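> missing the sequence, but the structure's below:
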């Protein structure tokens, strides 16, 4: 018997593993492993979710018109240059399907989002992993990795899990030096946590070049991870290309309505950013006071580095935290075995995890 065989190389693609969400022996856990929103969705989003129940029998608006309108209102973007997806992940995959393929190469940095390489391999392209400098994307290293086969470059900005950021000037330098036929995708999953004059999330490049795409998600600051909804902005030619590849009705009706309401509740987004900024400062200060290195300070997570010594290693620390009912993220699969990624949670959650770390590292947990 000859059974159906998957395409060559498909079974060599590693499975993506999300953050752990439960612990044996603990009915209640503090889950700080998946970079979910500390404040949760906006009240307007909850209201919109309830109002979608009567429309479950109908197909959603395949164009996600109201969601694009909400994004346009808040960000001042042309709706014709927007595409919505089942999470920004879907759009990242569409970009690979549209612009990469067998014989092509897709560049991403060493500690970038694991799905970049997975999506590249899923279309038969070769992922090219570029080393970082001090856990940050290195423009010169990316440019040095470009070959005649390069089709697409992914840059997460801020980057997960390192929390490091490229300036707008560095992004512009990268775009200027890349060939015109190479697509640059600026993944801004954590963009809404940023403030400052030297950061625009890739918007200027997506507005002013014919070969740059900026992606965003509702899974992080908007607190809608369960609904799986994201969006991208770019030149019309690229958006029209991606539209031809996406599935019909790819964003469900509840996601469209709820995400539109969340986008329009700017006050709630501002409150979430303020909460995050406050705890970022506290967490970095307390972690460094424990002698732990913290490189990046962007996004809604921190990535402390632990000593590579028995008893105080990242693995030991993770085991201790789990014994206290606290789940953080091991990042060995990102090539960072001495680090733990810790989502910035609620006030109570942050006090608990920081006190536990203080206790474990040998200080007072008071």
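Arrived safely. Being a predicted model, the structure only gives us computed values, none of them experimental.
> identify the residues contacting residue 298.
Shown in contact with residue 298 (Cβ atoms under 8 Å, 6 or more residues apart in numbering): 158, 163-165, 190, 193-194. All C-beta atoms are positioned from the backbone trio N, CA, C, and that covers glycine.
> among those residues, which two are most distant?
164 and 193 (13.3 Å; Cβ to Cβ).
> joint contacts of those two?
Joint contacts of residue 164 and residue 193 (Cβ under 8 Å, 6+ apart) are 158, 298.
> which one of those two has more residues nearby?
residue 164 (24 against 21; other Cβ atoms under 10 Å).
> which strand or helix spans that one?
Following DSSP states H and E, one finds residue 164 outside all helices and strands.
> quick check: it vs residue 294, distance?
Distance of residue 164 to residue 294, given as Cβ to Cβ, to the nearest Å: 11 Å.
> ok, residue 67 next?
Taking Cβ to Cβ, one finds residue 67 at 36 Å from residue 294.
> looking at the two, which one has more neighbours?
Each of residue 67 and residue 294 has its neighbours counted (other Cβ under 10 Å); residue 67 has more, 27 against 18.
> after the helix or strand hosting that one, next one along is what?
Using DSSP H and E, residue 67 sits within helix 65-75. The first helix or strand that comes after helix 65-75 along the chain, using DSSP H and E, is strand 82-85.
> which residues are contacting that next one?
64, 67-68, 71-72, 91, 94, 229-233, 239, 242-243, 246, 250-251, 256.
> for stretch 345-353, the distance to its chain's centre please.
22 Å (Cα atoms, centre = their mean, to the nearest Å).
> I'd say residue 130 and residue 105 touch.
No - here residue 130 lies out of contact with residue 105, judged by Cβ atoms under 8 Å, at a distance of 11.0 Å.
> mutual contacts of the two, please.
With Cβ under 8 Å, 6+ apart, residue 130 and residue 105 have no common neighbours.
> now, of the contacts of strand 82-85, which are buried?
In those, burial by neighbour count holds for 64, 67-68, 71-72, 91, 94, 229-233, 239, 242, 246, 250-251, 256, counting by 16 or more other Cβ atoms under 10 Å.
> show me those that map onto strands.
230-233 (DSSP state E).
> helices of the stretch 201-350 of the chain, start to end?
203-208, 236-243, 253-264, 266-289, 314-323, 347-360 (DSSP state H, counting those that start in this stretch).
> and those, which is most packed in?
Comparing the helices of the stretch 201-350 of the chain by mean neighbour count (mean count of other Cβ atoms under 10 Å), helix 253-264 ranks first with a mean of 25.
> re earlier: helices or strands up against the helix holding residue 67?
Counting by 3 or more Cβ pairs under 8 Å, 6 or more residues apart in numbering; DSSP states H and E, the packing neighbours recorded for helix 65-75 are strand 82-85, strand 230-233, helix 253-264.
> and that helix, average pLDDT?
Averaging pLDDT along helix 65-75 yields 98.
> what about residue 66, neighbour count?
16.
> quick check: it vs residue 48, distance?
Taking Cβ to Cβ, one finds residue 66 at 10 Å from residue 48.
> sketch out the low-pLDDT regions of this structure for me.
21-22, 363-366 (pLDDT under 70).
> center of it, which residue is that?
Closest to where the C-alpha atoms of the chain average out (Cα atoms, centre = their mean) is residue 189, at 4.0 Å.
> residues touching that residue, list them.
Contacts of residue 189 (Cβ under 8 Å, 6+ apart): 88, 113, 156, 160, 215-217, 219-220.
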